[in-house]
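K.L.:
Predicted model and sequence below, questions to follow.
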Amino acid sequence: MPTAENFPSELRVLLNHIYEYQKGVRNLILYTMPVKYKDYALNRLSNQKIDYAVQNVDESKFNLYFGRKECIEAIKFMTVKPLNLLSPEEDFMLGTMLGYNICMQCERFCDRKRKAS
């Protein structure tokens, strides 16, 4: 694995997300990362006993969800299709679970519902 001076930025971001989760800043994290770091990420989460779910995006990247067990259980029901195919309701719920600004989520939901009509 890389040394501290050449540690890839993608892994530094992952470690920061893990730190935020462990400090209680967030209950659920979604991080899209390169497949080449998948083994490292999953081993790190497993070693720290953090629940996670994986959703492949394409051959070069994947979505890594991690956090509270109850959140991951819900995510597993939602990640059966690509994120761009989520219904407005599923998209709203995911954004809310991830801690995104609730007013912005409401605007996004209404926009998507209007476009769907």
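P.N.:
That came through fine.
K.L.:
Any buried residues in stretch 95-105, and which?
P.N.:
Neighbour-count burial for stretch 95-105, counted by 16 or more other C-beta atoms under 10 Å, picks out 95, 97-98, 105. C-beta: built from backbone N, CA, C; applies to glycine.
K.L.:
which one among those gets closest to Glu59?
P.N.:
Distances from the buried residues of stretch 95-105 to Glu59 were compared by C-beta to C-beta; the smallest belongs to Leu98, at 24.9 Å.
K.L.:
okay but the closest one is in contact with Leu28, surely?
P.N.:
Yes: distance between Leu98 and Leu28: 5.7 Å, which falls inside the contact criterion (C-beta atoms under 8 Å).
K.L.:
Model confidence for the residue positioned nearest the centre of the chain, exactly?
P.N.:
Nearest to the geometric centre of the chain sits Leu30, at 1.2 Å (C-alpha atoms, centre = their mean). For Leu30, the pLDDT comes out at 98.
K.L.:
ok, the residue of the chain most remote from its centre to Asp111 distance?
P.N.:
For the chain, the C-alpha lying farthest from the average C-alpha position belongs to Ser117; by C-alpha atoms, centre = their mean, that distance is 28.9 Å. Ser117 sits at a distance of 11 Å from Asp111 (criterion: C-beta to C-beta, to the nearest Å).
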